[in-house]
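Peer 1: sequence unknown, structure follows:
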Ligand SMILES: C[S@@+](CC[C@H](N)C(=O)[O-])C[C@H]1O[C@@H](n2cnc3c(N)ncnc32)[C@H](O)[C@@H]1O
């Protein structure tokens with residue numbers, strides 16, 4: 001387990017990790033988070049459903065990677081507060097040898113992750129920021145757990161819309177995937193740019209990270225140079241739905257896909 005010093009937890013600024021926890025029905029959030037989250041929900045009533053659909057996609061993606069794709073190394077950046085079906089639980093449930101490195105830049109996420117997720121020798125937690133991917137890639141904890149000469153699944157799930165264009169989001173993804181060997185995977189989900197989401201996105205301007213809405217084409221650019229596995233970049237609910245999907249009949253404005261490096 002890494003012991004990087006942590007920045008202080010702010011209870012006065014709405015926090016995107018804790019707002020997501022609130023959408024999912026979690027208890028790791030403060031009044032300031034709930035107030036901003038309720039404003040988002042009042043502007044975009046589908047918000048809780050979007051969070052749930054995203055989380056369900058993450059579970060299916062890890063099951064696909066651990067099972068069909070035979071992946072046993074995971075780098076989960078923007079991993080979020082511990083909840084149900086955490087990546088190492090799903091992966092190790094299929095392949096007990098799976099190794100998982102969680103990365104987040106949020107102090108409360110890191111504290112909880114160190115207590116609740118990094119509970120075995122194959123799971124680690126790093127303080128890192130996707131905007132500085134070189135620091136993540138150089139981190140000793142990453143190299144203690146992951147062998148970058150063998151395929152790795154890089155998870156950027158509900159993360160890249162928190163990175164505005166001026167912070168080079170596409171270059172960050174390219175840098176991460178260039179460091180991974182052939183046979184590695186990228187898992188990415190992202191909110192879509194729709195007019196009815198703009199007011200909700202504006203609420204995030206006073207939170208710990210703003211939201212950048214992107215079109216389907218702009219989201220697709222994150223997969224440049226990779227081959228998308230079936231069914232491609234689709235509405236998250238339509239990515240290989242299984243019996244665990246809670247709502248089947250309504251799309252959410254959220255896209256997800258898995259690309260493989262050939
Ligand atoms: C909406 S949550 C997603 C959690 C999880 N990946 C999921 O999809 O269930 C976004 C997470 O990204 C983290 N995050 C936001 N900006 C980040 C950055 N620049 N670098 C690393 N993590 C970041 C937040 O702290 C939060 O935990």
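Peer 2: Looks like it arrived, so ask away. Owing to the predicted nature of the structure, the values given are computational and were not obtained by experimental measurement. Numbers count the residues shown, from 1 in each chain.
Peer 1: how much space between the residue nearest in space to the middle of the chain and residue 205?
Peer 2: Residue closest to the mean C-alpha point of the chain, counted by C-alpha atoms, centre = their mean, is residue 157 at 2.5 Å. Using C-beta to C-beta, to the nearest Å, we find residue 157 at a distance of 23 Å from residue 205. For the C-beta atoms, the positions are set from N, CA and C on the backbone; glycine is no exception.
Peer 1: following the longest helix seen in the chain, which helix or strand shows up next?
Peer 2: If you go by DSSP state H, the chain has its longest helix at helix 47-66. Using DSSP states H and E, the helix or strand that follows helix 47-66 towards the C-terminus is strand 73-77.
Peer 1: Quick one: mean pLDDT over that following strand.
Peer 2: For strand 73-77, mean pLDDT is 98.
Peer 1: ok, now which ones touch the residue nearest to the centre of the chain?
Peer 2: Taking C-beta atoms under 8 Å, 6 or more residues apart in numbering, we find residue 157 in contact with 54, 57, 58, 61, 76, 78, 187, 188, 189, 256.
Peer 1: Can you tell me which residues in the stretch 151-262 of the chain are near the ligand?
Peer 2: Counting by C-beta under 6 Å from any ligand atom, the stretch 151-262 of the chain comes close to the ligand at 157, 158, 159, 162, 209.
Peer 1: Buried subset of those as a ChimeraX selection?
Peer 2: A single ChimeraX command selects the buried members of these (16 or more other C-beta atoms under 10 Å):
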select :157,158,159,162,209
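Peer 1: and the gap between the residue nearest to the centre of the chain and residue 254?
Peer 2: 10 Å.
Peer 1: Quick check: neighbours shared by the two?
Peer 2: 54, 189.
Peer 1: nearest residue to residue 100 other than its sequence neighbours?
Peer 2: Spatial nearest neighbour of residue 100, excluding adjacent residues (C-beta to C-beta, 6 or more residues apart in numbering): residue 88 at 3.9 Å.
Peer 1: That neighbour contacts residue 74, doesn't it?
Peer 2: Yes: look at residue 88 against residue 74 with C-beta atoms under 8 Å: they come within range, at 7.5 Å.
Peer 1: got any residues that touch both of the two?
Peer 2: 98, 100.
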